[in-house]
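[1] Structural data only, the sequence is not supplied:
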């Protein structure tokens, strides 16, 4: 078979993808600071010229990796929120399953951790990270609001605060899973993430259901007295 010749645009896209893959591997192996443009170009099989034809600098490439990973994560939540589920419990549980797997599936979690440390010492990098984080918070806030809209439930806290908390928790659990897996193993990580997501978008009890304290109090009363306390079925 005759090998199909790539168009100029296809060739450029292939070069870009290989550079991104090589950069991810280099950042994971050496860290952002130690991985040079030369390292990345060589690992991808290209020259420095090819690198600078696709990216302005190493920082731009780094944030492109984070952006792509964020979009990949978003698509998973978009599928669930757009999948037709409206029952609050079923939708919440589906979101919890998706969220609780992020500690394992997020390919850029270590890059996120390093980005935070770099930002503490590099003002220019911090400004870029701040802008990127704001975009992530806005997107996650929209997901929380979409859940509330679909289910007709009120958020347990301001949606933006829930978004910030969920993102911070996922980063922390992912870090612990990688650093002390004998303490925070996969089962523990999933359980913690699922529990906190469900708690943060808790489904309110039906309006006609008495508070839990009243139910417990009524349960201690004789049967005759209980009939007067509890609403009729």
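    It's in. Here the structure is a predicted model, which means the values were calculated and not measured.

[2] show me where the protein has helices.
    8-30, 37-44, 48-54, 58-81, 88-100, 102-105, 109-121, 123-151, 159-179, 186-200, 212-219, 223-229 (DSSP state H).

[3] Okay, now the unreliable bits of the protein?
    For the chain, applying pLDDT under 70 flags the ranges 1-4, 6, 203-233.

[4] hang on, the earlier thing: the helices of the chain into JSON lines, with extra columns for mean neighbour count?
    In short, each C-beta sits where N, CA and C put it, glycine included. Output for those, formatted as JSON lines (neighbours: other C-beta atoms under 10 Å):
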{"stretch": "helix 8-30", "mean neighbour count": "16"}
{"stretch": "helix 37-44", "mean neighbour count": "18"}
{"stretch": "helix 48-54", "mean neighbour count": "15"}
{"stretch": "helix 58-81", "mean neighbour count": "16"}
{"stretch": "helix 88-100", "mean neighbour count": "18"}
{"stretch": "helix 102-105", "mean neighbour count": "18"}
{"stretch": "helix 109-121", "mean neighbour count": "16"}
{"stretch": "helix 123-151", "mean neighbour count": "15"}
{"stretch": "helix 159-179", "mean neighbour count": "18"}
{"stretch": "helix 186-200", "mean neighbour count": "17"}
{"stretch": "helix 212-219", "mean neighbour count": "11"}
{"stretch": "helix 223-229", "mean neighbour count": "10"}
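
[5] which residues touch stretch 61-78?
    19-20, 23-24, 27, 32, 40, 55, 95, 98, 102, 106-108, 111-112, 115, 128, 132, 135-136, 139, 143 (C-beta atoms under 8 Å, 6 or more residues apart in numbering).

[6] Skipping adjacent residues, who's closest to residue 186 in space?
    residue 104 (6.5 Å; C-beta to C-beta, 6 or more residues apart in numbering).

[7] I'd like the distance from residue 132 to residue 119, if you could.
    As judged by C-beta to C-beta, to the nearest Å, residue 132 and residue 119 stand 10 Å apart.

[8] With residue 104 instead?
    According to C-beta to C-beta, residue 104 and residue 119 sit 25 Å apart.

[9] what sits against the residue nearest to residue 186?
    So residue 104 contacts 177, 186, 189 (C-beta under 8 Å, 6+ apart).

[10] do that again at 10 Å, thanks
    174, 177, 186, 189-190 (C-beta atoms under 10 Å, 6 or more residues apart in numbering).

[11] swap in residue 165?
    140, 157, 196-197, 200.

[12] Ok, residue 9 next?
    Not one residue lies near residue 9 by C-beta under 10 Å, 6+ apart.

[13] can you pull the contacts of residue 142?
    If you count contacts by C-beta under 10 Å, 6+ apart, then residue 142 has 74, 77-78, 81, 159, 163 around it.

[14] The closest residue to residue 160 other than its chain neighbours and residue 167, how far apart?
    Distances taken as C-beta to C-beta, 6+ apart put residue 141 closest to residue 160, at 4.8 Å, once the chain neighbours are dropped. Remark: distance between residue 141 and residue 167 (C-beta to C-beta) = 10 Å.
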